[in-house]
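Generate coordinates for the sequence data below:
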Amino acid sequence: MAYTVVKSFEKGIDTRRLLDTTEAGALLDGRDCHITLGGELEKRAAFVNLGTLPATTVGMWVTEGRVIHTWGSAATAPAGMPAGAIYHSIPDPDASPLTHILSVEEFNGGLYVIAQYADGHQYHWWYSGGADLLVTIKPPESVDTPGGGGGTVTPPTTGPTYKPQASVGFRAAVYLNSTPPTHMYLYWIYLLAPTSTYNFGPTGTIDAWSLIPSDGVTAEGRPTHSDLKVAYPGGTAGSEMAALVMEHVNSTVTTPKVQCQSGAPGSLNTNVQFWIDVPGTLYNGYKLEIRTSATVRSLDMGPYTFSGGINSGGVSLLETHHAPLPGPMPRAGDPGDPIEKGYFAIAHNYRMFSVQGTMLNFSAPKDPTEWDNIDKNAGFIDHSMITNRAPHLISMADYGGDLAVFATRHIFVWNIDVLPEGDFKKQTIHGTGTFAPHSVTPWGQTDVMYLDISGIRSLRARDSSEQAYSADIGTMIDDLVRAKIATLTDAEKRYQVWGIVEPRSGRLWMALKDRIYVLSFYPSSRIAAWTWYDATTAPVNYMNSSDDSVYWRSGNNIMIYGGVTGATYDATEGLARIPYIDAGKAATSKNWTGFDAAIYGTWTVRGSFDPTLPTAYDLLATITKSTYQQQKIAVNGESPALSLELRTTFVGPARIGNASLHYTDSTAD
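Next up, the predicted model:
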């Protein structure tokens, strides 16, 4: 009795051949699964809902520490904002409703945002980290706990080690204003246990303005501060705030106890160290979270809210200032009168670049508010004079240190210097491009993935000459991708196609609304395998990755792949279909007598004996462990080839390692 082995699935889905000529190692289908570094097939993790954003908000962007940003036209944040989310007000000067966030880029510690409104306007906004705000309150500065991947904290002077720990510095920053504001500081200390939450706040209120040395008084007797043009670094306000926090926390009785003491030496003792009083050398399962908020009120602005916190293990939730963006940028004429400078922007070599029709606009170096002053090295490049057809520019990406500019049917590769006089075009690639601005995704050292009308393509260097070309890594699934593209509207192609790199595995995701094509590419293991995730229950509206997770907004829901840990699974059904296996003898009819499989989890196995009737299956078995140590699973069927379909709803990383098909020849060769 003979048998043949399907050793691995390193080729993934292959639609290039007929069903009965697709080779072993490939898949006829692979839904809600992917290929591992070892060539095995594994069920995907769960799509977890982190919370729901108010329906009046638009867009989503996640910065380091899982800080979730969203935008809207209203001056104040709507009710129902989930924990860890920050609202930015970006109203149209003409009062037209906000409809889309076209582009978000992090630049110089702030967010550069392009917003589209119902009247067709596309305005640029930039939050610069404080310089254009009335008042900036610097959030707590934290360091990781030991073993957390960065930084250290000083453990308590006596007793065992406590984890998590967090060292926090309290300080205030005040900038020059036309009228003196009042600063109201509110701090909360949260202890999050597996089944409960303790709230230790608010811990105190301070009028920081009155604590800063003044240089005179107004007619009403208020102190004046005419020369406050730089941040005020902590001082008395931070010291008194730290003292109030320690007094409140240490006088609050809870089980388990949160304790605090003066932390690492700092200006005027503004640093406080917190820990949870459950001793041990390992993390004790609790989460210590420090949140701050500061309400800033003045005659002409506010109130605004700043918030942040510290994750389990002391990882900061808020590394930079966060507040409503200062106004549309760039500006011209009267304050608040924005110039439309394009619909997609990225940062590259100290400048912001934005595409607008045939124009590649660029800001002055280190100044994304300045786009028109040639003396400040701002300007544009008109691509209508570069190629034989006026290209409509769509997107951009870093390509091995160069700037790749994507049009619908062209790709331009630019060498970008720090100053414009050093810029020059290196190459034009004709006959390929993209219609989906967010599909363009840098991947690895020299690849940029993008969605073309022909399928998913890769811009990569051809050889040591570094000349770029469009590679065919996506041809294995071209038929599937083109069929999906045909179902999308023009708006869906523009707004709901997103490329991303899943940070934990390095897999490429190309999301087309409610279907996510996944490329597992591990050259050292000779694996280049496509599968797909069904996102029908959570179609993608906005997507990005931060920290070690992929996030997307689906309707108003905030989705995260695999949950916070990346290891959350559910009962979603994973499916894999192995090609018709003929044991190298396509014209020989065989009596199929059994199969074996190396698996983890529970899998239901069905068989198809006729590629002309590919949907006709026979139930063969449900297996819960590898079968090689047992008798093979019996099969009774006669045909030249056998295809197996395997399905699982196992809650966990269910896997298929290989499959062996047993047979005897029923006809001579």
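
Could I get the full set of helices for the chain?
208-211, 235-250, 478-485, 490-495 (DSSP state H).

avg pLDDT for the third one?
Per-residue pLDDT values across helix 478-485 average out to 96.

Show me what it is in contact with.
The contact list for helix 478-485 (CB atoms under 8 Å, 6 or more residues apart in numbering) reads 13, 15-16, 451, 453-456, 474, 493, 510, 512, 515, 517, 532. Placement of C-beta: from N, CA and C, glycine included.

Can you list the buried residues in that helix?
Buried positions in helix 478-485, judged by neighbour count with 16 or more other CB atoms under 10 Å: Asp478, Leu480, Val481, Lys484, Ile485.

circling back to that earlier point, out of the contacts of helix 478-485, which sit inside strands?
The members of those that map onto strands under DSSP state E are Ile13, Leu451, Gly455, Ile456, Met510, Leu512, Arg515, Tyr517, Trp532.

Quick check: bridge partners of the last one?
Read it as Trp532. Per DSSP bridges, the residues bridged to Trp532 are Arg31, Tyr517.

Spit out the contact partners of it.
Under the criterion of CB under 8 Å, 6+ apart, the contact list for Trp532 reads Ile13, Gly30, Arg31, Asp32, Ile477, Leu480, Arg515, Ile516, Tyr517, Val518.

Quick check: the gap between it and Ser545.
19 Å (CB to CB, to the nearest Å).

For the nearest residue to Trp509 once chain neighbours are set aside, give me its contacts.
Excluding its sequence neighbours, the residue lying closest to Trp509 (CB to CB, 6 or more residues apart in numbering) is Ile500, at 4.8 Å. Taking CB under 8 Å, 6+ apart, we find Ile500 in contact with Thr441, Leu508, Trp509, Ala511, Met543, Asn544, Ser545, Val550.

Please name the nearest non-neighbouring residue to the last one.
Once flanking residues are discounted, Val550 sits nearest to Tyr561: 4.4 Å by CB to CB, 6+ apart.

how far away is that neighbour from Arg44?
8 Å.

Need the overlap of contacts for the two.
With CB under 8 Å, 6+ apart, Tyr561 and Arg44 have no common neighbours.

Need the distance between the two termini of stretch 86-93.
With CA to CA, to the nearest Å applied, stretch 86-93 spans 22 Å between its terminal residues.

mean confidence for that stretch?
84.

buried sites along it?
For stretch 86-93, burial by neighbour count (16+ other CB under 10 Å) applies to Ile86, Tyr87, His88, Ser89, Ile90, Pro91, Asp92.

I'd guessed the third one sits against Ala74; true?
This means His88. No: counting by CB atoms under 8 Å, His88 does not reach Ala74; the two are 10.6 Å apart.

among the contacts of helix 478-485, which one has the lowest pLDDT?
The minimum pLDDT among the contacts of helix 478-485 falls on Gly474, with 86.

how many neighbours does the residue nearest to that residue when sequence neighbours are not counted have?
Closest residue to Gly474 apart from its sequence neighbours, by CB to CB, 6+ apart: Ile456 at 3.2 Å. Other residues near Ile456 come to 25 when the count uses other CB atoms under 10 Å.

quick one, what contacts Ile456?
Met449, Tyr450, Ile473, Gly474, Ile477, Val481, Met510, Tyr517, Leu519.

again, only this time at 6 Å
Residues near Ile456 by CB atoms under 6 Å, 6 or more residues apart in numbering: Gly474, Val481, Met510.

Columns distance to Asp570 on top of those, output as TSV?
Shown next, in TSV, are these (distance: CB to CB, whole Å):
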residue	distance to Asp570
Gly474	29
Val481	26
Met510	23
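
nearest to Arg66, of those?
Nearest to Arg66 out of these is Met510 (CB to CB; 23.8 Å).

could you measure that closest one against Arg553, distance?
Taken as CB to CB, the span from Met510 to Arg553 is 17 Å.

Phe380 against Thr358, yeah?
No: when contacts are counted by CB atoms under 6 Å, Phe380 is not listed as touching Thr358 (9.7 Å).

quick revisit: from the contacts of Ile456, which is closest to Ala347?
Met510 (23.0 Å).

Please report the distance of the residue nearest to Gly474 from Thr531.
Between Ile456 and Thr531 the distance is 13 Å, computed by CB to CB.

Over to Trp414?
35 Å.

And these two? Which one has more around it.
Neighbour totals were compared for Trp414 and Thr531, and Thr531 leads with 28 against 20 (other CB under 10 Å).

Could you count how many residues lie near the nearest residue to that one once chain neighbours are set aside?
Spatial nearest neighbour of Thr531, excluding adjacent residues (CB to CB, 6+ apart): Gly30 at 3.6 Å. Per other CB under 10 Å, the neighbour tally for Gly30 reads 25.

Please name the residues that touch Gly30.
Applying CB under 6 Å, 6+ apart, the residues contacting Gly30 are Ile13, Thr531, Ala576.

List the contacts of the first one.
For Ile13, the set of contacting residues under the criterion of CB under 6 Å, 6+ apart consists of Leu27, Gly30, Ile477, Trp530.

thinking again about what came up before, what pairs with the residue nearest to Val550 across the strands?
The partner residues for Tyr561, given DSSP bridges, come to Phe47.

what's the distance between it and Ser546?
In terms of CB to CB, Tyr561 sits 12 Å off from Ser546.

Look at Tyr1 and report its pLDDT.
To be clear, residue 1 is Met; Tyr isn't right here. For Met1, the model assigns a pLDDT of 72.

Same question for Val258.
In this model, Val258 carries a pLDDT of 73.

Over to Pro279?
For Pro279, the predicted pLDDT is 62.

How many neighbouring residues does Gly431 have?
10.

repeat for Trp603
By other CB under 10 Å, the residues close to Trp603 number 25.

Give the bridge partners for it, please.
With DSSP bridges as the criterion, Trp603 is bridged to Ile623.

How much space separates it from Thr536?
23 Å.

so what's the residue nearest to Gly474 bridging to?
Leu451.

Next, work out how far apart it and Asp472 are.
10 Å.

Likewise for Gly65?
Taken as CB to CB, the span from Gly65 to Asp472 is 39 Å.
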